[in-house]
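> from the sequence below, what's the structure:
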Amino acid sequence: MSGKLIAQASGKRQALKQSKPSVQERVINVDYNKPAGPLNTFFKECVGAGRANEGLRADWQQQLAYVRKECGFKYIRMHGLLTDDMAVYTEDSRGNPVYNYMYVDVLFDFLQSIGMKPFVELGFMPGRLASGKETIFWWRGNVTPPRDYDKWAALIKNLTEHFTQRYGAEEVKTWYFEVWNEPNLSPGFWTGTQQDYFKLYKYTAQAVKSVNPEYRVGGPGTAGAAWEPEMIEFCQKNNVPIDFISTHAYGVKQGFLDEYGQGGTVLDKNPMSLSGDVLQSRKEIASSPMPDLELHYTEWSASYTPSDPIHDSYHEAAYVLQKLKQVGNAANSMSYWVFTDIFEEPGPRFEPFHGGFGMLSTQGINKPVFYAYQFLNRLGNIELVNKDTASWISKDSSGNIQAMVWDFTNTHPGDSVHNQKYYIQDLPSKSKGKLKVNISNVPDGMYALEVYKVGYRNNDAYTTYLSMGKPQQLTKQQVEQIKRQNDGSPVYKEIISVKNQTSFSKELELRENDVYFLNLIKL
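Predicted structure coming up:
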C-alpha cells in the first residue's frame, strides 16, 4: 500500500473513532472520614392513607405494618376521621351531643401497636354538625362549615380529652393536629371562604390547646402551597396558636382535584417543579413574623389523581428521590400520598394496576416507589460529604457503608400527551453510560457488598404485568409470580477485602431512571 493510501486509511479510522460517541461517565467521589453530619430523615417522618375507615380493614392494616417495618415511617395522615362512616358524632332527641370513639380507638390502637403515631387531620364535618349537604368523594365526606362553631369546638375538645385519657398527655404531645384538608379548593373540599376557614381554625386550635397548651396544632393543609403568609398573618394578628404550616404539592400541570383521572395530567418539565414549592414555603415562613414554624408537606407525589399510571411506573421511584434530594432541609416532613392502593376516593378499584397513589397495589404488590423508600430507610445515620446531586452516601456506627444513587430523566414527550396515555406503555430505558462510585479511606477489613436495583424490568411490577398481557383480574398465582419476579433481592453480591485503607470502587451500567442501592456490610 502506498504512503498516500496508508495515510487515507489512517484518516478514515481516525474519523470513525471521532464520530463514535464517547461513553458518558458519572463519577461520585466521597471520603469515609468526611461526615456531613447526621442524616436528615424527613423523608420517612410521615406517610399518607386515604381515609380513616379504610384503616379498619385487615388488608390495609397488614400492608401498613409491612410498610412501617420496611420503610420506617413514623406518622400517618388520612382524611375522614370525623366523617359519618366513623360514627364519631350524633345528637340525641334534644340536640345534645353524643360522642362515640369506638372506631377511632380501634384505628389508633392499631397504629400504636405497630409503633406509629397519627398526624391527626381534623375533618370532615359530621352530618349532624354540618351547615349543608355538599360532600366529596364516593364515601361522601361533608365539606361544609359547622352550623354551630361552639358545638364543633366542644367535639374537638372532647376528642382531645379522650386521646389524653387513653394514650397519656406525654404521648399526645408527640402528635400533630392539622385542621381540615385543602380548604382553598372551594367548593371541592370546603364550601366556605378563606375567612370561614380561619374561623374554623381558630375554634379548633383553641379547643385542642385548652386540653393541653403543649399539643401541636397547625394548618392550613392547602393544595398548591397556598394561603401560607395569610395563615401566619391571621394567627399573629388574632393571637391564635399555631405550631406548624402544612400544605401540599404535586408534580403535574393543570388542576388540583381529579379523583377519576378524566382531566388528563402532564408531568411538569420544569426541573424544580414541586421541590421549588417546598423551598418557597420555607422562604415565606422564614420572612414571616413566625420564622421558626415547622413546615410539613402533608401530601405530595408526582400526580394528584389516583388514576395516573406514573404512580405504577418505574419512573416514579427516581422522580421521588430527585424531589426529596432537591428539597434538602426545607421541610420537617414530606408525606408521600399514599402507602396503599386500598383507597376509595373514586370508589373501590378492582383493576390490578390503575395508576393508584399507593406504594403497594391492592393485592400487596410492591411498586418501584416502595423500593425507593425501602432503600432510603436502609441508609446509615451519618451522611458523608458528597457533591453529587442525585445520591446519598452514608455510614453507620457498625462501620457499614451505604450508597443510594439514581438517574432521573423526564422522558415525558410534553403537553401534547397525557400521562394516562404515556405511562401505560412498555417504556424501555436508554443508557446513560457508566456510573462509578469511589469511597476513599475505607477501614481495613472484609466486607459483603450487596447491590440492589430499581428500573426498567428491575423490581418493575407494572412492566411484568404488561408482559402478562394486562389481565383484567390477577389470579393468586399471577400475583405470586409478579411478587416473585420483583421481590427486591440483590442483583449482585460479592465479598471484598480492603487493605491499607484503600478506596472502595464500583462501576455500574446506568440507564434512564435507574436507582441503585449499594450496601457494604463489614464482616
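> for the record, mean pLDDT for stretch 99-107?
Model confidence over stretch 99-107, given as mean pLDDT, is 98.
> where exactly do the helices run in the stretch 201-350 of the chain?
Under the criterion DSSP state H, counting those that start in this stretch, the stretch 201-350 of the chain contains helices at 228-237, 275-286, 315-327.
> what would the ones you listed look like in CSV with mean pLDDT?
Listed next are the helices of the stretch 201-350 of the chain as CSV, based on pLDDT from 0 to 100:
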stretch, mean pLDDT
helix 228-237, 97
helix 275-286, 97
helix 315-327, 98
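> pick the most buried one from those helices.
Using mean count of other Cβ atoms under 10 Å, the stretch among those with the largest mean neighbour count is helix 315-327, at a mean of 24. In this view, the C-beta of every residue, glycine as well, is placed from N, C-alpha and C.
> without its sequence neighbours, what residue ends up closest to A225?
The shortest distance from A225 to any residue that is not its chain neighbour, by Cβ to Cβ, 6 or more residues apart in numbering, is 4.4 Å, and that residue is D277.
> ok so, going back, quick one: closest of the helices of the stretch 201-350 of the chain to G115.
G115 lies closest, by Cβ to Cβ, to one member of those: helix 315-327, at 22.5 Å.
> C-alpha coordinates for that closest one, PDB please?
Coordinates of the C-alpha atoms in helix 315-327 are reproduced here as PDB (Å, rounded to 0.1, in the frame of the first residue of the first chain):
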ATOM      1  CA  HIS A 315     -40.100   6.400  36.700                       C
ATOM      2  CA  GLU A 316     -41.900   7.300  40.000                       C
ATOM      3  CA  ALA A 317     -39.000   5.800  42.100                       C
ATOM      4  CA  ALA A 318     -36.400   8.100  40.500                       C
ATOM      5  CA  TYR A 319     -38.800  11.100  40.500                       C
ATOM      6  CA  VAL A 320     -39.400  10.800  44.200                       C
ATOM      7  CA  LEU A 321     -35.700  10.600  45.100                       C
ATOM      8  CA  GLN A 322     -34.900  13.500  42.900                       C
ATOM      9  CA  LYS A 323     -37.500  15.700  44.500                       C
ATOM     10  CA  LEU A 324     -36.500  14.700  48.100                       C
ATOM     11  CA  LYS A 325     -32.900  15.500  47.300                       C
ATOM     12  CA  GLN A 326     -33.800  18.900  45.900                       C
ATOM     13  CA  VAL A 327     -35.900  19.800  49.000                       C
END
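> next, the angle helix 275-286 makes with that helix.
Orientation of helix 315-327 against helix 275-286 (axes from the mean of the first three to the mean of the last three Cα atoms, to 10 degrees) gives an angle of 30 degrees.
> show me what helix 315-327 is packed up against.
The contact analysis (3 or more Cβ pairs under 8 Å, 6 or more residues apart in numbering; DSSP states H and E) places helix 315-327 against helix 275-286, strand 333-336, helix 368-377, strand 401-406, strand 515-522.
> how far is that helix from where the chain is centred?
In terms of Cα atoms, centre = their mean, to the nearest Å, the centre of helix 315-327 is found 10 Å from the chain centre.
> cool, stretch 208-216 as well?
Distance of stretch 208-216 from the chain centroid (Cα atoms, centre = their mean) equals 28 Å.
> likewise stretch 171-189?
Going by Cα atoms, centre = their mean, the spacing between the C-alpha centre of stretch 171-189 and its chain's C-alpha centre is 17 Å.
> for T247, what are its contacts?
Listed by Cβ atoms under 8 Å, 6 or more residues apart in numbering, the contact partners of T247 are 220-228, 277, 281, 297-298.
> state the distance from the residue nearest to A225 to V179.
For D277, the distance to V179 under the criterion Cβ to Cβ, to the nearest Å works out to 21 Å.
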